[in-house]
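Undergrad: sequence first, predicted coordinates after that:
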Amino acid sequence: MAKPNPLSMAAQVAESLKAPERPKAAPPPAPAAEPVPVKASREGKRFLGYYVEPLRHEEIKQAALDEGIQIQELLRQAVDRWMDANGAEAVAVVERRRARKAAR
């Protein structure tokens, strides 16, 4: 069995190390992407969420479909109703907590 020619192996290695050819007409560079603006409906607002069991999620999802609204809107309405019923107490608790923090 003949030994491989070291010169031919060197030529193969050199060939593999060559930079790949570039296309002759490269497409123009894409303009810098501008930051995606925040949706106006989310501007100045903070996220609020919680985890539910899969069955409860399906119930909420179906209720939103029945009402013809998104889950987010259904939950917003639920929180608004709770705040109407308990809002004065909830606001008072937050104000007391803020006053305690400020006193420290």
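TA: Great, that's in hand.
Undergrad: elements contacting the host helix or strand of A90?
TA: According to DSSP states H and E, A90 maps onto helix 71-103. Judged by 3 or more C-beta pairs under 8 Å, 6 or more residues apart in numbering; DSSP states H and E, the packing partners of helix 71-103 are helix 54-67. From N, CA and C alone the C-beta is placed, and that goes for glycine too.
Undergrad: rounded mean pLDDT for stretch 87-97, please.
TA: The average pLDDT for stretch 87-97 rounds to 84.
Undergrad: in CSV, list the C-alpha atoms belonging to that stretch.
TA: Extracted C-alpha coordinates of stretch 87-97, given in CSV (Å, rounded to 0.1, in the frame of the first residue of the first chain):
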residue,chain,number,x,y,z
GLY,A,87,-61.3,50.3,46.1
ALA,A,88,-61.5,52.8,49.0
GLU,A,89,-60.1,50.2,51.4
ALA,A,90,-57.4,49.1,49.0
VAL,A,91,-56.3,52.7,48.3
ALA,A,92,-56.2,53.4,52.1
VAL,A,93,-54.0,50.4,52.7
VAL,A,94,-51.6,51.5,50.0
GLU,A,95,-51.5,55.1,51.4
ARG,A,96,-50.8,53.8,54.9
ARG,A,97,-47.9,51.6,53.5
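Undergrad: for the helix holding A90, which positions count as buried?
TA: L74, L75 (16 or more other C-beta atoms under 10 Å).
Undergrad: what angle separates it from helix 54-67?
TA: Orientation check (axes from the mean of the first three to the mean of the last three C-alpha atoms, to 10 degrees): helix 71-103 against helix 54-67 gives 110 degrees.
Undergrad: any idea how far D80 is from E59?
TA: Taking C-beta to C-beta, to the nearest Å as the criterion, E59 is separated from D80 by 20 Å.
Undergrad: apologies, that question was intended for V52.
TA: In this view, V52 and D80 are 19 Å apart by C-beta to C-beta.
Undergrad: where does the prediction get shaky in this protein?
TA: 1-11, 13-14, 16-39 (pLDDT under 70).
Undergrad: got the contact list for Y51?
TA: If a contact means C-beta atoms under 8 Å, 6 or more residues apart in numbering, then Y51 has no contacts.
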